[in-house]
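Undergrad: structure, please.
(4 chains)
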Number of protein chains: 2
Amino acid sequence: MGLEEPRAKYRQVADLLRAAIKAGEYPPGTALPGQLDLAKKYGLTQSSISDAVALLEREGLVRKAQGRPTFVQEIPTVKRIRLIDKDYRTNPGGSAFAEEMRRSGLTSKADLVELDVIDPPEQIVALFGLDDDEQVIIRRRHMFADDIPIQIAISYIPIRYAGSKDLALPDTGPSGIYARLAERGFGPVRFVEEIEVRSSTVEESRFLRIPTEQIVFEVVRSAIDAGDKPVEACRNILSAAQWKLAYGWRQEP
Amino acid sequence: MGLEEPRAKYRQVADLLRAAIKAGEYPPGTALPGQLDLAKKYGLTQSSISDAVALLEREGLVRKAQGRPTFVQEIPTVKRIRLIDKDYRTNPGGSAFAEEMRRSGLTSKADLVELDVIDPPEQIVALFGLDDDEQVIIRRRHMFADDIPIQIAISYIPIRYAGSKDLALPDTGPSGIYARLAERGFGPVRFVEEIEVRSSTVEESRFLRIPTEQIVFEVVRSAIDAGDKPVEACRNILSAAQWKLAYGWRQEP
DNA sequence: TAGTGGTCTAGACCACTGC
DNA sequence: CAGTGGTCTAGACCACTAA
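TA: Got it, this is the predicted structure:
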């Protein structure tokens, strides 16, 4: 094959495979040829082919598993729209997820995997400006679309604002949390979402069924009250290869 | 060293180096030990150390260059806020960039590198729903903060709406484009930003001074007119390791 | 069990940097 | 020039999967 450019051979092989996949030569769901076959085909060693395929995996184009062939990924890119608009009234509660799924024609499910009062991590202490020994309610949910793991959502509310754990009990509707906070005088009036990208942790990649090195969105939504203090925060972790985020708003005339 | 877990050694080395960097053992701006030194220290080969450091590079924690040591990255994480709010009135024009920079205390600069009328790429044809031979104005800018390359911005306007290339002439203030479109009856009333993450292309990584495999945000903002048609679109490419995106809005009571 | 991908070594050569 | 990181080979062994 023509692998002569001043570009690493494993990159060139990745380019060729990428092109072949996009051209439909290896349709989604089918297996790539084995690394030994590819090595023979391109005159490289298995190690080099492994490097090439690793590039494609990082891009989310293929999916590898232990002891099995490498499969071309089916990319169910889902939009996550947070419409900020009079017509599509924002629903800043957790139910936004269910709504997005419904719009995409998927059935959604959320498992509550943790509901606790904890000493918060560094990041959360800083966000709320908490004192040393202050505790927060943590509420961790695993979310599915058509039984495929999609998203991890972790919500934090300082006890200072919540009063007690009861505020976040399972039977509290998600948007109900804001109503409860409002009753206690901490109703949110403003929201901010911060979006970062990072490598997934081992636990996250296990649940989301993505390789460890793969990239995830971490979206942190803070609910801010009239006194300009964050009163609740929710971290959402989603696979960045499978998701597209979207925000919309109306021009103020 | 204690590299015995059922986890690849190069991953363990990456973990140790990551921890050392975060602990301040290798402060930002300083060089890591050479790969041969690290290889001796951990009882591995240079190749394996190279694999380990490559992981850190992908995370944006270190920066490698040809023939030079690997340096711990200074992470100038900048927020990019699009406030959707009566107080902080959204400025959907390109000058939002300058505004963000000013808020971060940075001087900004934008170079116009291309202004042309072209046959649009696939993605843009689909976005605007163009006919086969329709052309669009393309306006490509390279943006800097304190002379460091930060962002590539590519704006598209179908000739159908623009009338002629003059609409986007260099001396047209960026927000002026929307005023001109409004004069022609295509004033935007609504905006949507879609956020994706992908590997950078060779050209992008060259300009942004990031490694080729590194991840970039691609933010596409569409301006939509009263007839619900997109009339302008702007693709922004930013390094995902250096940036954090943020969106804010007020709760409708 | 045979086949897959994942990792690792020992050794090599390269392109590039900075002195 | 010596030192850096980047790539590649030939060969090896492993863990895992599927038949």
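
Undergrad: by proximity to DNA strand D, which residue of chain A wins?
TA: At 2.2 Å from DNA strand D, residue A:67 is the closest residue in chain A, using CB to the nearest atom of the strand. Heads up, the C-betas are built off the backbone N, CA and C, glycines and all.

Undergrad: what are the phi and psi values at that residue?
TA: Here is the backbone geometry of residue A:67 (degrees, to the nearest 10): phi 70, psi 10.

Undergrad: so what pLDDT did it get?
TA: On pLDDT, residue A:67 comes in at 82.

Undergrad: so residue A:79 bridges to which residues?
TA: Counting by DSSP bridges, residue A:79 is bridged to residue A:244.

Undergrad: quick check: it touching residue A:248?
TA: No. Applying CB atoms under 8 Å as the test, residue A:79 and residue A:248 come out as separate, 10.6 Å apart.

Undergrad: so the two - more neighbours on which side?
TA: Using other CB atoms under 10 Å in any protein chain shown as the criterion, residue A:79 and residue A:248 rank with residue A:248 on top: 18 against 12.

Undergrad: quickly find the element holding residue A:221.
TA: strand A:215-225 (DSSP states H and E).

Undergrad: that strand close to chain B?
TA: Yes. Counting by CB under 8 Å from any CB of the partner chain, chain B has neighbours in strand A:215-225: A:215, A:217.

Undergrad: what average pLDDT does stretch A:182-201 get?
TA: Mean predicted lDDT for stretch A:182-201 stands at 87.

Undergrad: off-centre distance for that stretch?
TA: 15 Å (CA atoms, centre = their mean, to the nearest Å).

Undergrad: can you pull the buried residues of that stretch?
TA: Within stretch A:182-201, the residues scored as buried using 16 or more other CB atoms under 10 Å in any protein chain shown are A:186-188, A:190-200.

Undergrad: can you pull out the low-pLDDT segments for chain A?
TA: For chain A, applying pLDDT under 70 flags the ranges A:1-6, A:76-77, A:83-100, A:104, A:165-175, A:252-253.

Undergrad: tell me where it has helices.
TA: Assigned by DSSP state H, the helices in chain A fall at A:9-22, A:35-42, A:46-58, A:95-103, A:122-128, A:159-162, A:176-183, A:202-208.

Undergrad: would you reformat these as CSV and include distance to DNA strand D?
TA: CSV is the format used below for these (distance: least, CB to the nearest atom of the strand, whole Å):
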stretch, distance to DNA strand D
helix A:9-22, 3
helix A:35-42, 8
helix A:46-58, 4
helix A:95-103, 28
helix A:122-128, 31
helix A:159-162, 42
helix A:176-183, 39
helix A:202-208, 13
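
Undergrad: in contact with the residue nearest to residue A:55 when sequence neighbours are not counted, which residues?
TA: Nearest in space to residue A:55, with sequence neighbours left out and distances taken as CB to CB, 6 or more residues apart in numbering or on different chains, is residue A:14 at 4.3 Å. Residues in contact with residue A:14 (CB atoms under 8 Å, 6 or more residues apart in numbering or on different chains) are A:52, A:53, A:55, A:56.

Undergrad: between those residues, which is nearest DNA strand C?
TA: Using CB to the nearest atom of the strand, the shortest approach to DNA strand C within the contacts of residue A:14 belongs to residue A:53, at 6.0 Å.

Undergrad: how about the strands in the stretch 51-200 of chain A?
TA: Assigned by DSSP state E, counting those that start in this stretch, the strands in the stretch 51-200 of chain A fall at A:62-63, A:71-72, A:78-84, A:108-118, A:136-145, A:148-158, A:188-199.

Undergrad: which strands and helices sit next to the last one?
TA: Translated: strand A:188-199. Secondary structure elements in contact with strand A:188-199, counted by 3 or more CB pairs under 8 Å, 6 or more residues apart in numbering or on different chains; DSSP states H and E, are helix A:176-183, strand A:215-225, strand B:243-250.

Undergrad: please save the CA atoms from it in PDB.
TA: Output in PDB follows, covering the C-alpha atoms of strand A:188-199 (Å, rounded to 0.1, in the frame of the first residue of the first chain):
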ATOM      1  CA  PRO A 188     -34.000  29.600  42.100                       C
ATOM      2  CA  VAL A 189     -34.400  32.600  39.800                       C
ATOM      3  CA  ARG A 190     -31.400  32.000  37.500                       C
ATOM      4  CA  PHE A 191     -29.500  29.000  36.100                       C
ATOM      5  CA  VAL A 192     -26.000  28.500  34.700                       C
ATOM      6  CA  GLU A 193     -24.700  25.500  32.900                       C
ATOM      7  CA  GLU A 194     -21.000  25.000  32.600                       C
ATOM      8  CA  ILE A 195     -19.700  22.500  30.000                       C
ATOM      9  CA  GLU A 196     -16.400  20.800  30.200                       C
ATOM     10  CA  VAL A 197     -14.800  17.800  28.500                       C
ATOM     11  CA  ARG A 198     -12.600  15.300  30.100                       C
ATOM     12  CA  SER A 199     -11.600  11.600  30.100                       C
END
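
Undergrad: residue numbers of the stretch 101-250 of chain A in contact with chain B?
TA: For the stretch 101-250 of chain A, the contact set with chain B under CB under 8 Å from any CB comprises A:188-199, A:213, A:215, A:217, A:240-241, A:244-250.

Undergrad: if we can go back for a sec, what is the strand holding residue A:221 packed up against?
TA: Strand A:215-225 packs on helix A:176-183, strand A:188-199, strand A:230-239, strand A:243-250, going by 3+ CB pairs under 8 Å, 6+ apart.
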